[in-house]
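[1] I would like to see how this sequence folds:
(one chain, ligands or ions: 1)
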Amino acid sequence: MNRAGEKQMPYYRVVGDVPRKRHVQFRRPDGGLYAEELMGEEGFSSDSSLLYHRHLPTAIIKAEPVEPFAGSVLTPNLPLSPRHFRTQDLPSGGDLVTGRGLLAGNADVRMSYVATEAPSELYRNSMGDECVYIASGRVVFESTYGAMEAAEGDYVVVPTGTIHRWVPDGRVTAFVIEAAGHIRPPKRYLSKYGQFLEHAPYCERDLRSPQETLVVEGEEVPVLVRTRGGLTRLVYRNHPFDVVGWDGCLYPYAFNINDFEPIVKGIHAPPPVHQTFEGPNFVICSFCPRPLDFHPEAVPIPYNHHNVDSDELMFYAGGDYSARKGSGIDVGSISLHPAGFTHGPQPGAVEAVIEAVRQGHTRTNELAVMVDTFRPLDLGPAALSVEDPAYAWTWAR
Ligand SMILES: [Fe+2]
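    Next up, the predicted model:
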């Protein structure tokens, strides 16, 4: 969990022009002062970055009400059931912010799916961090920190309050994880001062962030702001992307799932070896292509398990997933295995994979993103609109 004051990822970066010392006079070529903006987490007690704007980042000239996004109502998972949702059947529409179809959520996290070609307007989520997994396509992420490209397989982690927008290059699909708090690398992979340790499945070199600022000039720029109270469109007097430089340890970054170095064992290892990020009361795991468990008598797919404190939601992002053979699950599918239900490989999958190994099969080609939550997940309207009602009974075959 993220506790106030704990350092989690203090990887310092500096981009553009900053003065030699913090909070000293820093002047534009015309002699005027640049305006500081400190973006900081946990009340000046955790990571932060200091941004230098050409204009005041405080100057708003209008606040307009915005209707809540349609389809934001959640329904309890009753009667309790394992579920299969086919995001590949969801329609395209909206943009990477407004086009999100709500799949599942609780008080800690909400997950949605979006397919779009349209650029979003400027957006600030003040409720928590977002982790946007790009399932297909290419997109440019623009922000006060600068721009970076993202493409298939990238997790883009956007800190709370970052003003940004998404500009797709063609059609993009994404699985979006919105936290009610901060999303960070697992603490056990970090030194006490926050550097990635040698046993971590990825490290600082795998994280990409903006390399230069955008320095956009503009006036009367609307920004869609999301708070716990709802949505507002704040109109800024000057473009928020007018930053000439920033430094610090808090910034948006991208991490590609293919840079996750899988941890393998002789016998089957449980999902914590796949953990990639942690958030408040949930974890994000990456299941990547890797050698199968190599003990000569291994059962190289999961054992039946009842993770009594968790709901397990899995987005099948690519490859093929031998534990789910015969279930109807395909690329783009989402499975939900809730607390209260014991799950494991689909019936017959254990025997099939043991036979495949006997015939020389040595690797698994699966690619999936899993979110395990420590509170039950309610179901969103987008998920319910593409549910495969036969899935629950594939467990009884
Ligand atoms: Fe599981």
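[2] show me the residues around Tyr236 that make contact.
    Residues in contact with Tyr236, defined by Cβ atoms under 8 Å, 6 or more residues apart in numbering, are Pro57, Ala59, Ile60, Ile61, Glu220, Val221, Pro222, Val223. Glycine gets a C-beta too; all of them are placed from N, C-alpha and C.
[3] which phi and psi does Val353 have?
    According to degrees, to the nearest 10, the main-chain angles of Val353 amount to phi -70, psi -30.
[4] what separates the strand ranked longest in the chain from the chain centre, distance-wise?
    Scanning the chain for the longest strand, with DSSP state E as the assignment, gives strand 164-179. Strand 164-179 sits 10 Å away from the centroid of its parent chain (Cα atoms, centre = their mean, to the nearest Å).
[5] mind checking the SS state of Ala382?
    helix (DSSP: H, G, I helix; E, B strand; the rest coil).
[6] Quick check: closest non-adjacent residue to it.
    For Ala382, ignoring the flanking residues on the chain, the nearest one in space by Cβ to Cβ, 6 or more residues apart in numbering is Gly101 at 2.9 Å.
[7] Could you report the neighbour count for the one you found?
    23 (other Cβ atoms under 10 Å).
[8] For it, list each beta-bridge partner.
    Judged by DSSP bridges, the bridge partners of Gly101 are Tyr113.
[9] Tell me the spacing between it and Arg237.
    Per Cβ to Cβ, to the nearest Å, Gly101 is found 34 Å from Arg237.
[10] next one: Arg184
    Distance from Arg184 to Arg237, counting by Cβ to Cβ: 34 Å.
[11] Quick check: phi and psi at the spatially most central residue of the chain.
    Closest residue to the average C-alpha location of the chain: Cys131 at 2.0 Å, with Cα atoms, centre = their mean. Reported as degrees, to the nearest 10, the phi and psi values for Cys131 are phi -120, psi 110.
[12] Grab the nearest non-local neighbour of it.
    The spatial neighbour of Cys131 that comes closest, neighbours along the chain excluded (Cβ to Cβ, 6+ apart), is Ile177 at 4.3 Å.
[13] okay, now that neighbour: neighbour count?
    Number of residues near Ile177 (other Cβ under 10 Å) recorded here: 27.
[14] hang on, it packs against Glu130?
    Yes - using Cβ atoms under 8 Å, Ile177 is in contact with Glu130, at 6.9 Å.
[15] intersection of neighbour lists for these two?
    Contacts common to Ile177 and Glu130, judged by Cβ under 8 Å, 6+ apart, are Ile183.
[16] Could you list the low-pLDDT ranges of the protein?
    Across the chain, the ranges flagged by pLDDT under 70 are 1-10.
[17] Just the helices from this structure, written as ranges.
    Ranges of helices within the chain are 349-358, 381-385, based on DSSP state H.
[18] among the ones you listed, which is the most enclosed?
    A comparison of the helices of the chain by mean neighbour count, using mean count of other Cβ atoms under 10 Å, puts helix 381-385 on top with a mean of 19.
[19] And that one, what does it pack against?
    strand 83-86, strand 101-105 (3 or more Cβ pairs under 8 Å, 6 or more residues apart in numbering; DSSP states H and E).
[20] Just the angle for the last one relative to strand 164-179, thanks.
    Looking back up the chat, that one is strand 101-105. For strand 101-105 against strand 164-179, the angle by axes from the mean of the first three to the mean of the last three Cα atoms, to 10 degrees is 30 degrees.
[21] got a list of contacts for strand 101-105?
    With Cβ under 8 Å, 6+ apart, strand 101-105 has contacts from 71-72, 74, 85, 87, 90, 110-114, 313, 334, 336, 377-383, 385.
[22] Please name the bridge partners of Asn142.
    Small correction: residue 142 is Glu, not Asn. Going by DSSP bridges, Glu142 is paired in beta bridges with Ala147, Arg165.
[23] Quick one: neighbours of it, just the number.
    By other Cβ under 10 Å, the residues close to Glu142 number 21.
[24] residue contacts, it?
    Glu142 is in contact with His164, Arg165, Trp166, Val167, Leu214, Phe241, counting by Cβ under 8 Å, 6+ apart.
[25] Equivalent analysis for Gly332, please.
    By Cβ under 8 Å, 6+ apart, Gly332 lies in contact with Arg86, Thr87, Gln88, Ala135, Thr173, Tyr316.
[26] just Ile134 next, same as before
    Contact partners of Ile134, counting by Cβ under 8 Å, 6+ apart, are Ala150, Ala151, Glu152, Gly153, Asp154, Val156, Val172, Thr173, Ala174.
[27] Repeat the analysis, applying 10 Å as the threshold.
    Residues in contact with Ile134 (Cβ atoms under 10 Å, 6 or more residues apart in numbering) are 96, 141, 150-156, 166, 168, 172-176, 254, 256-257, 317.
[28] Would you mind checking the residues you listed for buried ones?
    96, 141, 150, 152-156, 166, 168, 172-176, 254, 256-257, 317 (16 or more other Cβ atoms under 10 Å).
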